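Peer 1: Here is a sequence with its predicted model. Questions after.
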Amino acid sequence: MNTRPIIALDFPNRTDVESFLTNFPKDESLFVKIGMELFYQEGPEIVRWLKSLGHDVFLDLKLHDIPNTVEMAMRRLAGLGIDLTCVHAAGGVQMMEAALNGLKKGTPEGQKRPLLLAITQLTSTSEEQMHEDQLIEVSLEESVIHYAQCAAKAGLDGVVSSAWEVAQIKEATRPEFISLTPGIRPAGSEVGDQKRVVTPGKAREIGSNFIVIGRPITQSETPYETYVQIKNEWNGEQK
Ligand code: C5P
């Protein structure tokens, strides 16, 4: 289990990230998630900058393209020194293998290869939508498990999933197969548009390896205090 909750930096630009980070002690090393909005606005420099501040970076770009394109893109991303990234399992086993290869080839000497996770079904997809839009006839749960098994077959390190699916995913793959779970809300906080939420403590109990949490921290009046509280709960160190 990674002891630091990953903070989703869902901000439109670097200026807003800079102002958010002033809430944290300078020497506190964070694990942050950069999504498409911030990356497409600021480009690779945003990754280099956050790494230079001593933070770990999950670059959440959810790649999905032909294997060769994904492999080449992953080589570039690995060169940025990221720590974790992801692809869509729907791209297929061959595409996921290519992604992993790209990361291996692109990792600078002496550095650790970034972890590679797969997105199974997006949590915004309902079973009905999956049946209608993707013409997948099995249940949503079966589809998630199947994609997790494909990711394991391709040699990936784990999947992004709802906390509720962690136990089944590990059972269907292997106990060390990583589950990174968003949809985390501290008890009593605003749920927003997240539907199947769990608390940091519950995520820990269920066996998540990483949790991702955004708005409860980024929109908090006291982001650092909120972060510490969530981190303590995640680590089972409730006061
Ligand atoms: O603000 P909140 O805690 O809901 O942010 C969660 C983060 O995790 C967002 O960046 C969101 O895009 C991401 N995410 C998610 N559900 C997934 C995959 C990613 O909420 N299945």
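Peer 2: Sure, I can see it.
Peer 1: Quick one: residues contacting the residue of the chain found nearest the ligand.
Peer 2: Nearest residue of the chain to the ligand: G214, at 2.6 Å (CB to the nearest ligand atom). All C-beta spots, glycine's among them, are computed from the backbone N, C-alpha and C. With contact set as CB atoms under 8 Å, 6 or more residues apart in numbering, G214 has these partners: I7, A8, L9, D10, K33, P182.
Peer 1: give me that answer again for 6 Å
Peer 2: Contacts for G214 (CB atoms under 6 Å, 6 or more residues apart in numbering) come out as A8, D10.
Peer 1: Backbone dihedrals for it, please?
Peer 2: When quoted as degrees, to the nearest 10, the phi and psi of G214 stand at phi -110, psi -90.
Peer 1: roughly how far apart are it and Q41?
Peer 2: 17 Å (CB to CB, to the nearest Å).
Peer 1: who in this protein is up against the ligand?
Peer 2: 8, 10, 35, 122-123, 160, 182-183, 192, 194, 212-215 (CB under 6 Å from any ligand atom).
Peer 1: number of nearby residues for the closest residue to S139 other than its chain neighbours?
Peer 2: The spatially closest residue to S139, leaving aside those adjacent along the chain, is E127, at 6.4 Å (CB to CB, 6 or more residues apart in numbering). When neighbours are defined as other CB atoms under 10 Å, E127 has 14 of them.
Peer 1: What is the lowest-pLDDT residue among the residues of the chain next to the ligand?
Peer 2: Note: of the residues of the chain next to the ligand, the lowest pLDDT belongs to Q194, at 66.
Peer 1: ok, and for the longest strand along the chain, which residues are buried?
Peer 2: Longest strand in the chain, counting residues (DSSP state E): strand 56-63. Under the neighbour-count criterion of 16 or more other CB atoms under 10 Å, strand 56-63 has D56, V57, F58, L59, D60, L61, K62, L63 buried.
Peer 1: same check, this time on stretch 149-166
Peer 2: 149-152, 154, 156-166.
Peer 1: still on that earlier bit, which secondary structure elements does the longest strand of the chain sit against?
Peer 2: Judged by 3 or more CB pairs under 6 Å, 6 or more residues apart in numbering; DSSP states H and E, the packing partners of strand 56-63 are strand 31-34, strand 84-88.
Peer 1: how about the CA coordinates for stretch 12-22, as PDB?
Peer 2: Listed next in PDB are the C-alpha coordinates belonging to stretch 12-22 (Å, rounded to 0.1, in the frame of the first residue of the first chain):
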ATOM      1  CA  PRO A  12      -6.900  24.400 -15.600                       C
ATOM      2  CA  ASN A  13      -3.300  25.700 -15.500                       C
ATOM      3  CA  ARG A  14       0.000  25.900 -13.700                       C
ATOM      4  CA  THR A  15      -0.800  29.200 -11.900                       C
ATOM      5  CA  ASP A  16      -3.700  27.500 -10.100                       C
ATOM      6  CA  VAL A  17      -1.500  24.500  -9.200                       C
ATOM      7  CA  GLU A  18       1.100  26.800  -7.800                       C
ATOM      8  CA  SER A  19      -1.300  28.700  -5.700                       C
ATOM      9  CA  PHE A  20      -2.800  25.400  -4.400                       C
ATOM     10  CA  LEU A  21       0.600  24.000  -3.500                       C
ATOM     11  CA  THR A  22       1.400  27.100  -1.300                       C
END
